[in-house]
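> Would you be able to build a 3D model of this:
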Amino acid sequence: MAQKNTKILQQSGVIPYRIKDGKIEVLLITTRKRQNWVIPKGGVCKGMSPHDSAAKEAWEEAGVIGQVNTEKLGAYKYQKGGNTYRVNLFLLPVEKVLEDWPEAAQRERLWLEINQAVILVKETSLKRILNNSKSQVKI
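From the prediction side, this is the model:
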């Protein structure tokens, strides 16, 4: 009997946010197949810290740039293609929104107030982290 692969693959991601009219807005992006709304995330690049790797994902997947908070906001797990992924999340106060970025043709992006974002994301643990992020952002 084959032993099941129980290795958990490490990823890092960001919750990109901005303050608009005194309210916190977060940026969600679609998956490449545009089926679900998610946050920018990906594998931790060799030789990079998790928060620097998360900043790279934000640029590649969402076209946003900013200084990632080095303090981990939380983590969640999800399943994809028979693998389990653990995503460490960091806050990213967005300083610049690019008109063109590496995955612009593959994804949509949407700014929403946190409560609306919580409704759109599918992962229950990501919903919880989004809700908790409200207390971490200084308005």
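
> show me where this protein has strands.
8-20, 23-30, 37-38, 41-43, 64-66, 74-80, 83-97, 109-113 (DSSP state E).

> on contacts alone, who are the packing partners of the first one?
Where contact means 3 or more Cβ pairs under 8 Å, 6 or more residues apart in numbering; DSSP states H and E, strand 8-20 is packed against strand 23-30, strand 41-43, helix 50-57, strand 83-97, helix 124-133. (Glycine included, C-beta is placed from N, CA and C.)

> Determine which of the strands of the chain shows the lowest mean per-residue pLDDT.
Looking at the strands of the chain, the lowest mean pLDDT belongs to strand 74-80 (a mean of 90).

> In its sheet, which strands sit next to that strand, and in what direction?
Here strand 74-80 is paired, per DSSP bridges, with strand 83-97 (antiparallel).

> Only the buried residues of stretch 68-86, if you could.
Neighbour-count burial for stretch 68-86, with 16 or more other Cβ atoms under 10 Å as criterion, is recorded at 68-69, 73-74, 76, 78, 85.
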